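Trainee: got a structure for you, letters missing:
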Ligand SMILES: Cc1cc2nc3c(=O)[nH]c(=O)nc-3n(C[C@H](O)[C@H](O)[C@H](O)COP(=O)(O)OP(=O)(O)OC[C@H]3O[C@@H](n4cnc5c(N)ncnc54)[C@H](O)[C@@H]3O)c2cc1C
Ligand SMILES: C=Cc1c2[nH]c(c1C)Cc1[nH]c(c(CCC(=O)O)c1C)Cc1[nH]c(c(C)c1CCC(=O)O)Cc1[nH]c(c(C)c1C=C)C2
């Protein structure tokens with residue numbers, strides 16, 4: 001019995017980890033590029049004491065997905081840099097709206113007083129929810145923007161929900177499914193006629209939900225000890241000592257030491273299935289037969305591999321859209337963020353600017369006196385701002401990012417050092433109907449009895465916690481009939 005994993009990003013490596021734990025060897029992970037980690041990439045400037053993250057930088061230790069990641073982090077003995085909920089980076093999130101930087105309310109004060117960019121105290125949005133009837137048809141989906149607008153009004157949809165969606169998937173809240181982030185609230189609204197009513201009702205009815213890590217760690221004793229520590233110490237998020245890339249790098253080492261074959265520079269360019277129930281991978285000029293495949297590839301990549309034999313599956317996979325994000329890391333020698341202590345700021349799409357948000361890395365983690373910020377641009381609006389002939393150059397992207405930093409943060413100095421990364425098709429968009437689409441894809445695989453499992457950011461959540469948990473669940477569900 002041979003198992004193959006496609007993709008050496010964090011979900012593919014995690015699938016390898018859970019497969020090893022469940023089935024042992026032989027096990028091979030095929031990765032197209034010369035490195036593992038996929039979008040997780042850290043660039044360490046050791047001499048100067050700072051770090052650039054090109055993709056993610058923090059992980060949330062919350063709930064079952066958070067506990068599951070912490071179990072893995074504990075097993076790998078990784079050096080955690082925790083950010084407690086009292087830290088400024090956990091408390092302060094900002095918006096750039098209406099020409100100014102606005103601190104998002106993080107306590108009850110924002111409920112009763114007017115906090116820019118909002119024109120009314122937030123309790124008015126709650127009254128709107130309590131006094132508004134009407135839901136969408138049962139079992140339907142809708143956009144998160146439309147849901148927020150219906151329940152809380154347009155201002156909340158424009159200045160709270162839309163930027164939040166940018167800060168998670170660089171997407172347009174008018175297209176993203178409400179089930180992406182607010183499935184429970186949406187369902188409670190359907191059931192009880194309002195978000196607040198649903199929340200109050202659920203609070204009385206379902207106290208057990210609070211346990212968080214139930215399910216995987218059934219017995220409280222088995223809870224990972226790092227998760228217990230995170231709860232006791234009230235971590236809001238955490239990073240790793242040498243950057244988040246330490247997670248995939250260490251996981252690769254761990255797997256290698258246990259004879260899992262991690263093959264780099266090994267792009268799979270076709271995947272077919274035999275009538276005897278085997279899968280056949282085409283890697284370079286070789287056909288590799290295996291008993292089961294776990295794909296962690298982006299959906300559009302898997303579509304390429306399967307389109308000859310299963311065009312209908314490929315079409316369904318292709319219906320999951322992706323967006324491009326430009327990431328510009330900047331470093332300054334002196335403190336440039338004196339007035340802006342926090343995680344960073346988001347720019348609501350109604351502001352119509354090329355920038356999605358700016359992360360204040362050196363406020364989150366100590367960077368030895370350097371100021372480090374990361375500007376993220378494009379996303380769902382990439383084509384509007386940057387698609388031109390000839391293609392926009394790195395220098396132009398850097399200049400646009402710098403202009404925005406000057407305008408928003410009023411940093412006049414040039415960064416001492418900067419890097420521009422064009423992340424092509426890096427984040428899948430869970431548009432309205434996504435859940436049904438994924439069910440359709442998995443139904444197809446089941447109905448043809450294909451020895452194929454799907455994990456990765458395309459299906460069950462886009463955060464690092466989600467993709468690791470998705471890998472675990474998909475591995476748990478693998479069945480061999482022999
Ligand atoms: C800018 C940005 C910021 C983010 N910030 C956060 C954050 O703060 N917190 C958080 O939790 N998450 C964050 N995320 C999300 C998180 O980084 C991703 O969800 C996660 O890294 C996805 O991992 P993956 O393994 O599913 O996919 P990928 O990283 O895309 O890995 C897929 C791998 O498959 C390989 N591959 C592709 N085609 C083939 C082929 N044909 N054969 C073999 N291999 C192939 C690729 O080279 C790649 O290594 C962020 C993402 C981005 C882009
Ligand atoms: C502007 C672009 C992006 C920023 N971060 C991401 C993008 C696309 C990616 C991302 N950020 C988060 C996640 C999910 C993690 C999870 O645990 O599920 C992903 C995939 C975390 C996150 N970051 C922000 C928010 C509101 C969230 C959601 C969870 C949480 O509340 O912690 C805020 C934020 N993200 C970015 C900026 C500039 C920013 C500013 C406040 C960048």
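Mentor: That came through, no problem. For clarity, every value in this text was computed on a predicted model and none was experimentally measured. Ligands and ions are numbered 1, 2, ... in the order given.
Trainee: alpha carbons only for contacts and neighbour counts from here, please
Mentor: Will do.
Trainee: can you name the residues in contact with the longest helix seen in the chain?
Mentor: The single longest helix within the chain, with elements called by DSSP state H, is helix 394-409. Here helix 394-409 makes contact (Cα atoms under 8 Å, 6 or more residues apart in numbering) with 96, 100-101, 326, 328, 337, 355, 375, 377, 411-412, 414, 419-420.
Trainee: so what's residue 67 up against?
Mentor: By Cα under 8 Å, 6+ apart, the contact set of residue 67 is 61, 213, 223, 224, 227.
Trainee: now tabulate those in CSV and tack on neighbour count.
Mentor: Below are the contacts of residue 67 laid out as CSV (neighbours: other Cα atoms under 10 Å):
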residue, neighbour count
61, 24
213, 21
223, 19
224, 21
227, 23
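Trainee: assign the closest residue to residue 463 other than its chain neighbours to helix, strand or coil.
Mentor: Excluding the flanking residues, the one nearest residue 463 by Cα to Cα, 6 or more residues apart in numbering is residue 457, at 7.3 Å. Put simply, residue 457 is coil when judged by DSSP: H, G, I helix; E, B strand; the rest coil.
Trainee: give me the neighbour count for residue 457.
Mentor: Using other Cα atoms under 10 Å, residue 457 has 24 other residues around it.
Trainee: gap between it and ligand 2?
Mentor: 9 Å (Cα to the nearest ligand atom, to the nearest Å).
Trainee: one more: residue 291?
Mentor: Note on residue 291: its distance to ligand 2, by Cα to the nearest ligand atom, is 32 Å.
Trainee: next: residue 200.
Mentor: From residue 200 to ligand 2 the distance is 22 Å (Cα to the nearest ligand atom).
Trainee: helix or strand: which one has that residue?
Mentor: helix 195-205 (DSSP states H and E).
Trainee: what distance do you get for residue 480 to residue 277?
Mentor: 10 Å (Cα to Cα, to the nearest Å).
Trainee: the more surrounded of those two?
Mentor: The neighbour comparison of residue 480 against residue 277 (other Cα under 10 Å) goes to residue 277, with 15 against 9.
Trainee: which regions of this protein sit below the pLDDT cut-off?
Mentor: Residue ranges of the chain with pLDDT under 70: 134, 205-215, 218-221, 481-482.
Trainee: thinking residue 197 is in contact with residue 131, fair?
Mentor: No. The pair formed by residue 197 and residue 131 falls short of the contact definition of Cα atoms under 8 Å, at 10.4 Å.
Trainee: these two: who's more crowded?
Mentor: The residue with more neighbours, out of residue 197 and residue 131, is residue 197; 16 against 11, by other Cα under 10 Å.
Trainee: how about the more buried one: what's its closest non-neighbour residue?
Mentor: Spatial nearest neighbour of residue 197, excluding adjacent residues (Cα to Cα, 6+ apart): residue 130 at 7.1 Å.
Trainee: what residues of the longest helix of the chain count as buried?
Mentor: Buried positions in helix 394-409, judged by neighbour count with 16 or more other Cα atoms under 10 Å: 397, 398, 400, 401, 402, 404, 405, 408, 409.
Trainee: equivalent analysis for stretch 341-356, please.
Mentor: 341, 342, 343, 344, 345, 346, 347, 348, 349, 354, 355, 356.
Trainee: whether that stretch contacts ligand 1 - can you check?
Mentor: No. Using Cα under 6 Å from any ligand atom, stretch 341-356 never reaches ligand 1; the gap is at least 10.7 Å.
Trainee: distance from the chain centre to that stretch, please.
Mentor: Relative to its chain's centre, stretch 341-356 lies at 18 Å (Cα atoms, centre = their mean, to the nearest Å).
Trainee: what residues does the stretch 201-350 of the chain put near ligand 1?
Mentor: With Cα under 6 Å from any ligand atom as the criterion, the stretch 201-350 of the chain meets ligand 1 at residues 267, 268, 269, 296, 297, 298, 301.
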